[in-house]
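Participant: here is a sequence together with a model predicted from it:
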Amino acid sequence: MATTIHVDIVSAEAEIYSGEATMVHAPAELGEVGIAPRHTPLVTRLVPGDVRVKTESGEEEIVYVSGGILEVQPYVVTVLSDTAARAHDLDEAAVEEARRKAAERISEQHDEYDYARARAELAEAAAQLQTIRKLRDRVAADRS
Amino acid sequence: MAGAKEIRGKISSIQNTQKITSAMEMVAASKMRKAQARMAATRPYADKMVNVIGHLAYANSEYPHPYLIAADSVTRVGYVVITTDRGLCGGLNVNLFRRLIKDFQSRHDNGVTIQTAAIGRKGAQFLKRTGSNVDAEVDGLGDAPGLPDVIGPIRAMLEAYDEGRIQELHLVHNRFVNTMTQEPTIRRLLPLEPPDSSVSAGNRDEERELEALRERHWDYIYEPEAAEVLDALLQRYIESLVYQGVVENIACEMAARMIAMKSATDNAGDLIDDLQLQYNKARQGAITQELTEIVSGAAAVSG
């Protein structure tokens, strides 16, 4: 019988911790949970707090998470950690900021998507690239 | 023949430019390696998430999440367009725009309205210049953006989807094939394609495991509610996909810049060689002329 449980703590930006443990404590939304090997499957949201992992050698690893999701399988615990404090207000502020930026140069917008103009610009860029290529060929030909 | 001094001036100016481009090439190469490492670091999170969502889809099908269901008719489509902030990276952005325009055009022909969110200055400028509907934008992310940096546009689009203002959401970015090749891609984020099929396709063990799971009829304990957990999970999944796109696009940017700067450096070298030849000719010409003058002068005096 296995007496350890595998723990993975990952965030969107990096893998934070991976290893075997005899016990895991995590700050679930409805209160702290302690998970021993052969725990029943569980999925829960996490609130900001410490995840404590007791390793086989009896040491305790402490990882701070600012929220996220905890998934428990009988022999695998996965902590999908958020990378920063995520509050509804903060997210809203980010959305507002992004919208404001988008609206800054709104006067330049047209109602209808301007395909002609877009294509003209692309044609111009393509032509430039072609010219550069031609010039390069010519330089190469001149030299040989 | 142009004066030797002029040519020398030109040469030194090109040499200065060459120094800059070769420095940029080296900087881009080192940044590309870092970006590739970050790209690899984002994978475990998304992989784990795909696993959990896959389990959830098997274990719990009674709650159909709006992110998983396709709308009956699509009249408005959202795009998250990821581009670079800065130029000097070859045709990277232009190729992406060309791909995008094609897609926009076919949508337009089908009477579908388009809404966009831009990540990266070049894309924002392009979309605005061409008069497209930019809902949200963020730029100035730097070389190592965090997930919180890109949350604004993602949330804005997710809200639009939640409120039914768009029926589909697509992610547009460059895929890093290798250092020489970057491929513009458009992938659908919403409605979500079942994530498990692609992952378990090549993985027999996992498939068997899932099979076993299905047979045992187990379900998770959800705290607090299945719906809420799934909400949080799917939202984070979308965010992580976009974030991955952003990181991958940075790797592409650096690779493209490295190549562009390398060819710029090579071209500068060629130019310098040509000019050097011209300079030598001009110098030799001047010397010859001077000698001729002296000799003919001497001949005139003695004769």
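Facilitator: It's in.
Participant: for the helix or strand harbouring A:Lys134, packing partners?
Facilitator: Following DSSP states H and E, the helix or strand that holds A:Lys134 is helix A:115-143. For helix A:115-143, the contact count by 3 or more C-beta pairs under 8 Å, 6 or more residues apart in numbering or on different chains; DSSP states H and E identifies helix B:92-109, helix B:121-129, helix B:226-302 as packing neighbours. Bear in mind the C-beta positions are built from the backbone N, C-alpha and C, glycine included.
Participant: now the last one: average pLDDT?
Facilitator: If I follow you right, that is helix B:226-302. Average pLDDT, helix B:226-302: 92.
Participant: and the pLDDT at whichever residue of the stretch 51-200 of chain B sits closest to chain A?
Facilitator: Residue nearest to chain A within the stretch 51-200 of chain B: B:Gly152 (3.2 Å; C-beta to the nearest C-beta). In this prediction, B:Gly152 carries a pLDDT score of 87.
Participant: what sits against it?
Facilitator: A:Ala94, A:Val95, A:Glu96, A:Glu97, A:Ala98, A:Arg99, B:Ala136, B:Val138 (C-beta atoms under 8 Å, 6 or more residues apart in numbering or on different chains).
Participant: name the residues of the stretch 201-303 of chain B found near chain A, please.
Facilitator: Residues of the stretch 201-303 of chain B lying close to chain A (C-beta under 8 Å from any C-beta of the partner chain) are B:218-224, B:228-229, B:232-233, B:236, B:239-240, B:243, B:267, B:270, B:274.
Participant: which parts of the stretch 51-200 of chain B are helices?
Facilitator: Chain-ordered helices for the stretch 51-200 of chain B, with DSSP state H, counting those that start in this stretch as the definition, fall at B:92-109, B:121-129, B:151-162, B:195-200.
Participant: least reliable of those helices going by mean pLDDT?
Facilitator: Here these differ in mean pLDDT, and the lowest is helix B:195-200 at a mean of 45.
Participant: among the helices and strands packed on helix A:115-143, which is the most enclosed?
Facilitator: Using mean count of other C-beta atoms under 10 Å in any protein chain shown, the stretch among the helices and strands packed on helix A:115-143 with the greatest mean number of neighbours is helix B:121-129 (a mean of 22).
Participant: any residue of it up close to chain A?
Facilitator: Yes: among the residues of helix B:121-129, B:Ala124, B:Phe126, B:Lys128, B:Arg129 lie within reach of chain A under C-beta under 8 Å from any C-beta.
Participant: and the residues you listed, which is closest to B:Gly146?
Facilitator: Of all these, the one with the least separation from B:Gly146 (C-beta to C-beta) is B:Ala124, at 19.6 Å.
Participant: for the closest one, which non-adjacent residue is spatially closest?
Facilitator: Here the nearest residue to B:Ala124 in space, its sequence neighbours aside, is B:Ala118; by C-beta to C-beta, 6 or more residues apart in numbering or on different chains that works out to 3.9 Å.
Participant: in contact with the one you found, which residues?
Facilitator: Shown in contact with B:Ala118 (C-beta under 8 Å, 6+ apart): A:Ala102, B:Val81, B:Thr83, B:Ala124, B:Leu127, B:Val134, B:Ala136, B:Glu137, B:Val138, B:Asp139, B:Pro153.
Participant: so which of these sit within strands?
Facilitator: Using DSSP state E, the members of those that fall in strands are B:Val81, B:Val134, B:Ala136, B:Glu137, B:Val138.
Participant: before we move on, back to that, possible to save the residues of helix B:121-129 next to chain A as TSV with distance to B:Arg187?
Facilitator: Putting those into TSV (distance: C-beta to C-beta, whole Å) gives the following:
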residue	distance to B:Arg187
B:Ala124	20
B:Phe126	20
B:Lys128	24
B:Arg129	25
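Participant: picking up where we left off before, select from the contacts of B:Gly152 the one having the most neighbours.
Facilitator: Of those, B:Ala136 is surrounded by the most neighbours, 29 neighbours in total, counting by other C-beta atoms under 10 Å in any protein chain shown.
Participant: looks like that one contacts A:Ala102 (just checking).
Facilitator: Yes: checked against C-beta atoms under 8 Å, the pair B:Ala136 and A:Ala102 is within contact range at 5.1 Å.
Participant: what's the overlap in contacts for these two?
Facilitator: B:Ala117, B:Ala118.
Participant: in chain A, which residue sits nearest chain B?
Facilitator: Counting by C-beta to the nearest C-beta, chain A gets nearest chain B through A:Ala98, at 3.2 Å.
Participant: my guess is that residue contacts B:Ala156. True?
Facilitator: Yes: using C-beta under 8 Å, A:Ala98 and B:Ala156 qualify as a contacting pair, with a distance of 5.6 Å.
Participant: overlap in contacts of the two?
Facilitator: Counting by C-beta under 8 Å, 6+ apart, the common neighbours of A:Ala98 and B:Ala156 are B:Ala117, B:Ala136.
Participant: circling back to that earlier point, show me what contacts the residue of chain A closest to chain B?
Facilitator: Each residue near A:Ala98 by C-beta under 8 Å, 6+ apart is listed here: B:Ala117, B:Ala136, B:Glu137, B:Val138, B:Gly152, B:Pro153, B:Ala156.
Participant: state the distance from the second one to B:Val247.
Facilitator: For B:Ala136, the distance to B:Val247 equals 19 Å [C-beta to C-beta, to the nearest Å].
Participant: check the fourth one too.
Facilitator: Distance of B:Val138 to B:Val247, computed by C-beta to C-beta: 15 Å.
Participant: on that earlier part again, where's the residue of chain A closest to chain B, which helix or strand?
Facilitator: helix A:88-104.
Participant: show me the contacts for B:Lys34.
Facilitator: Applying C-beta under 8 Å, 6+ apart, the residues near B:Lys34 are B:Asp143, B:Ala144.
Participant: need the ones in strands among the contacts of B:Ala118 in TSV (columns: pLDDT).
Facilitator: Shown next, in TSV, are the ones in strands among the contacts of B:Ala118 (pLDDT from 0 to 100):
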residue	pLDDT
B:Val81	94
B:Val134	88
B:Ala136	89
B:Glu137	88
B:Val138	89
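Participant: report the entries of those that also contact chain A.
Facilitator: Within the ones in strands among the contacts of B:Ala118, those near chain A by C-beta under 8 Å from any C-beta are B:Val134, B:Ala136, B:Glu137, B:Val138.
Participant: report the mean confidence score over stretch B:30-44.
Facilitator: For stretch B:30-44, mean pLDDT rounds to 91.
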